[in-house]
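S.K.: when you get a sec, could you give me coordinates for this:
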Amino acid sequence: MFGFRTLPPGGRSRKRATRALFIRHGSEGTPEGRSLRLLRKWLSPNQLEQFGRRGYFEVVGSDSGKRYRIHAGASVNVCEIDERGRLQEGLCFMPIGALPIGDVMLAQKIALETCEDKARAVARRFTPNGFHFRQTRPLG
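M.R.: Model prediction:
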């Protein structure tokens, strides 16, 4: 009547997997996708797991040993965290230019891990808003 046909067992999951592969391949061909792929290559296994599950990863500052959480985003996305993982002071700093999110996050990671004091010197401070960071979705 309507021309519906049933899929063979496992056919639906194959269709979903093919669609997901197509979407992923297509998105990785964009500047945004390539920047996220480069970021994932620079992350440690622990950071990669955090980024994939939670949409952020943590780094340790080179000068003070403080911990920072870098959330997915290009601005207002870096927060100092305390020993219990609570958000403390927010830092807003980024490289000059219109760069994809992955490139900005990688620059922030490298800056905090190699020249923390210089990054903090140019950063604008903000009070972290937990609601803002709950909105992030995993990009990795």
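S.K.: what sits against the nearest residue to residue 126 once chain neighbours are set aside?
M.R.: Excluding the flanking residues, the one nearest residue 126 by C-beta to C-beta, 6 or more residues apart in numbering is residue 90, at 4.0 Å. C-beta here means a position set from N, CA and C on the backbone, and glycine is covered the same way. Shown in contact with residue 90 (C-beta atoms under 8 Å, 6 or more residues apart in numbering): 76, 78, 79, 80, 125, 126, 127, 128.
S.K.: helix, strand or coil for residue 17?
M.R.: Of the three states, residue 17 takes helix under DSSP: H, G, I helix; E, B strand; the rest coil.
S.K.: count the residues that sit near it.
M.R.: By other C-beta atoms under 10 Å, the residues close to residue 17 number 11.
S.K.: the protein: strands as residue ranges?
M.R.: 56-60, 67-71, 78-81, 87-92, 124-126 (DSSP state E).
S.K.: give me the sheet partners of the last one and which way each runs.
M.R.: Sheet pairing for strand 124-126, assigned by DSSP bridges, gives strand 87-92 (antiparallel).
S.K.: next, the buried residues of the partner strand.
M.R.: 87, 89, 90, 91 (16 or more other C-beta atoms under 10 Å).
S.K.: residue 50 against residue 59, yeah?
M.R.: No. Between residue 50 and residue 59 there is no contact under C-beta atoms under 8 Å: 10.4 Å.
S.K.: okay, and the common contacts of those two?
M.R.: Common contacts of residue 50 and residue 59, defined by C-beta under 8 Å, 6+ apart, are absent altogether.
S.K.: from residue 41, how far out is residue 66?
M.R.: 25 Å (C-beta to C-beta, to the nearest Å).
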